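Peer 1: model the following, please.
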Amino acid sequence: MAGILFIISAPSGSGKSTLVSELRKQVTGIDFAVSWTTRAPRGQEEDGREYHFTTRENFETMVAEGKFLEHAEVFGNLYGTARESLEEARLAGHDLLLDIDVQGAHQVRENLPEAVSIFVMPPTPKVLRTRLRNRSRAEGSVNEAELYRRLSEASREIENYRHYGYILVNDILDRAVAQLEAIVLAERFYRNGETIAFRSRRVLEVATSCLQKNVQERIKPVLDAFGMMGDPAQAKLNFGEDADDD
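Peer 2: Now for the predicted structure:
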């Protein structure tokens, strides 16, 4: 079996990590590329599990040596995916999933246009802000300036959805997980002829419904909420609603 490269991107706080974790529990034969970063560990993160934590000096040395498949600077920290992750997955006959931002995804698509790209959207700015705030609280503190910087960046990232083959709106976790699983199984069916053992027609229908060309009505409310199809001031208004958060 030829390994498939899956790219998944989303604004910070969209629930992407949870989706990836649930997918890996349900689908075998898919490896996860642990990224390298220069940022400090958060909360209960462990080196080699969530990220490979390193210094900026070492990271830049790895860049100079061509060890990264992609790399980018995000919020002042460097992130990158080692080339060896892809090589190891291919040798094992496994698929590989990259959890990377829109900058890194662009680099990978340029070098590996056959990659399957998936973009995850939060349903509204208000939901995204709540998730970000809850995550910050769990890590011990809430930095309001950082919170709103990430919200502003989310709008800019969402504008890149047009460059992705599949789009998910993560409003109901179980549904989003089922959609992500369907995409992986459908791509294995199309590319490798791998049999879908259970409800094959339904799986293919779910995956097809997530193709960018088929989700325009589904994502229109999201784009409206983030001020991308109407008044940008509406997004600012939604960012500022606090009534249900505390």
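Peer 1: model confidence over the helix or strand hosting Leu128, on average?
Peer 2: Here Leu128 is covered by helix 125-138, with elements defined by DSSP states H and E. For helix 125-138, mean pLDDT rounds to 84.
Peer 1: with stretch 172-184 instead?
Peer 2: Rounded mean pLDDT across stretch 172-184 is 96.
Peer 1: ok, now stretch 148-156?
Peer 2: Mean pLDDT, stretch 148-156: 84.
Peer 1: secondary structure class for Val222?
Peer 2: Following DSSP: H, G, I helix; E, B strand; the rest coil, Val222 is assigned to helix.
Peer 1: number of nearby residues for it?
Peer 2: Residue neighbour count, defined by other Cβ atoms under 10 Å, stands at 21 for Val222. To be clear about C-beta, it is placed using only N, CA and C from the backbone, and glycine gets the same treatment.
Peer 1: so it is in contact with Lys126, correct?
Peer 2: No: under the criterion of Cβ atoms under 8 Å, Val222 makes no contact with Lys126, lying 11.8 Å away.
Peer 1: tell me what whichever helix or strand comes after the helix holding Leu128 is packed against?
Peer 2: Going down the chain from helix 125-138, the next helix or strand is helix 144-158, by DSSP H and E. Other elements packing on helix 144-158 under the criterion 3 or more Cβ pairs under 8 Å, 6 or more residues apart in numbering; DSSP states H and E are helix 125-138, helix 232-239.
Peer 1: wouldn't Leu5 be in contact with Leu98 here?
Peer 2: Yes: counting by Cβ under 8 Å, Leu98 is a contact partner of Leu5 at 7.0 Å.
Peer 1: have a look at the two and say which one is more surrounded.
Peer 2: Between Leu5 and Leu98, Leu98 has the larger neighbour count (other Cβ under 10 Å), namely 24 against 20.
Peer 1: could you please name the strands the host helix or strand of the more buried one pairs with and the direction of each pair?
Peer 2: Element membership for Leu98 (DSSP H and E) is strand 95-99. Strands that pair with strand 95-99, judged by DSSP bridges, come out as strand 5-9 (parallel), strand 30-32 (parallel).
Peer 1: reformat those strands as a markdown table; add distance to Val206 and mean pLDDT.
Peer 2: Shown next, in a markdown table, are those (distance: least, Cβ to Cβ, whole Å; pLDDT from 0 to 100):
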| stretch | distance to Val206 | mean pLDDT |
| --- | --- | --- |
| strand 5-9 | 16 | 96 |
| strand 30-32 | 18 | 94 |
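Peer 1: could you export the ones you listed as CSV, including distance to Val184?
Peer 2: Shown next, in CSV, are those (distance: least, Cβ to Cβ, whole Å):
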stretch, distance to Val184
strand 5-9, 7
strand 30-32, 7
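Peer 1: out of those strands, nearest to Asn77?
Peer 2: For Asn77, the closest of the strands paired with strand 95-99 is strand 5-9, at 16.6 Å, according to Cβ to Cβ.
Peer 1: list of residues touching that closest one?
Peer 2: Applying Cβ atoms under 8 Å, 6 or more residues apart in numbering, the contact partners of strand 5-9 are 16, 19-20, 30, 86, 95-102, 104-105, 108-109, 112, 114-120, 157, 160, 164, 180, 183-184, 187.
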